[in-house]
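> return atomic coordinates for the entry below.
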Amino acid sequence: MEGHQMVVLVLAASLLMGCTNSALGREESDSKAIHVTGKVLCQDCSQDWNEWVHGNKPIKGSIVSITCMDERSRVVHYASDVTDKLGQFELKINLNICAGKKLNPKFCWVRLVSSPHPTCNLFTNFGGGHSGIKLGNPTGVYRDSITYKLGPFYYTTPMCDKPDTSDDQDNNGNNY
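This next block holds a predicted model:
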């Protein structure tokens with residue numbers, strides 16, 4: 001009896017994986033919209049290790065944007081959203097832009113724009129928020145939409161900011 005249950009479990013798991021893979025492999029051209037979600041948090045390095053790693057606080061009112069380009073690197077869509085009290089943002093974009101053209105999610109970037117927090121307002125690239133993160137594989141594909149759930153983006157405090165010690169500036173050997 002135990003062997004029979006194991007076979008049924010393996011078959012059910014295989015079927016589930018096959019359905020998931022076929023759903024993710026579905027043509028994105030069938031979808032009409034993309035839905036991008038994520039969080040914006042404050043990472044405070046002045047706390048002890050456990051608090052620093054696990055005690056990130058959401059930032060209400062932070063602005064997150066999405067910029068989508070065409071094949072020739074021209075901006076064809078820009079949108080932004082303000083985070084709620086939980087630090088969550090939600091960007092919904094129609095894939096039909098104009099004259100029958102469709103937006104390609106692979107040419108879209110999501111990034112941090114601003115933080116209203118009085119001290120936690122320095123960009124970090126932890127999570128890709130400062131330089132931007134390109135939409136990759138969707139986390140969900142539904143009949144009329146593709147969902148992308150991004151990892152959290154982070155801001156930090158001035159005390160945690162690492163000084164720029166690069167030698168990119170032309171100061172003619174002067175360190176003044």
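> all helices for this structure, in order.
Remark: helices assigned in the chain by DSSP state H are 2-24, 49-54.
> worst mean pLDDT among the ones you listed?
Here the helices of the chain differ in mean pLDDT, and the lowest is helix 2-24 at a mean of 42.
> output the longest strand belonging to the chain.
Counting residues, the longest strand found in the chain (DSSP state E) is strand 33-43.
> which parts of that strand are buried?
I34, H35, V36, G38, K39, V40, L41, C42, Q43 (16 or more other Cβ atoms under 10 Å). The way it works is simple: take the backbone N, C-alpha and C, and place the C-beta from them, glycine included.
> which one of those residues is nearest to K102?
Lowest distance from K102 to the buried residues of strand 33-43 (Cβ to Cβ) belongs to I34, with 10.9 Å.
> beta-bridge partners for the closest one, please?
With DSSP bridges applied, I34 shows beta-bridge pairing to I93, I146.
> go ahead and confirm it touches Y148.
Yes. Counting by Cβ atoms under 8 Å, I34 does reach Y148; the two are 6.6 Å apart.
> anything in contact with each of the two?
P105, L135, P138 (Cβ atoms under 8 Å, 6 or more residues apart in numbering).
> any regions of the chain where pLDDT drops low?
Within the chain, the stretches with pLDDT under 70 are 1-31, 48-55, 98-99, 161-176.
> state the distance from the nearest residue to D70 once chain neighbours are set aside to L112.
Leaving aside its sequence neighbours, D70 sits nearest to V76 (Cβ to Cβ, 6 or more residues apart in numbering; 4.9 Å). Using Cβ to Cβ, to the nearest Å, we find V76 at a distance of 21 Å from L112.
> of those two, who's got more company?
L112 (25 against 17; other Cβ atoms under 10 Å).
> quick check: closest non-adjacent residue to the more buried one.
G129 (4.0 Å).
> list the contacts for the one you found?
Applying Cβ under 8 Å, 6+ apart to G129 gives the contacts V40, V64, R111, L112, F123, F153, Y154, Y155.
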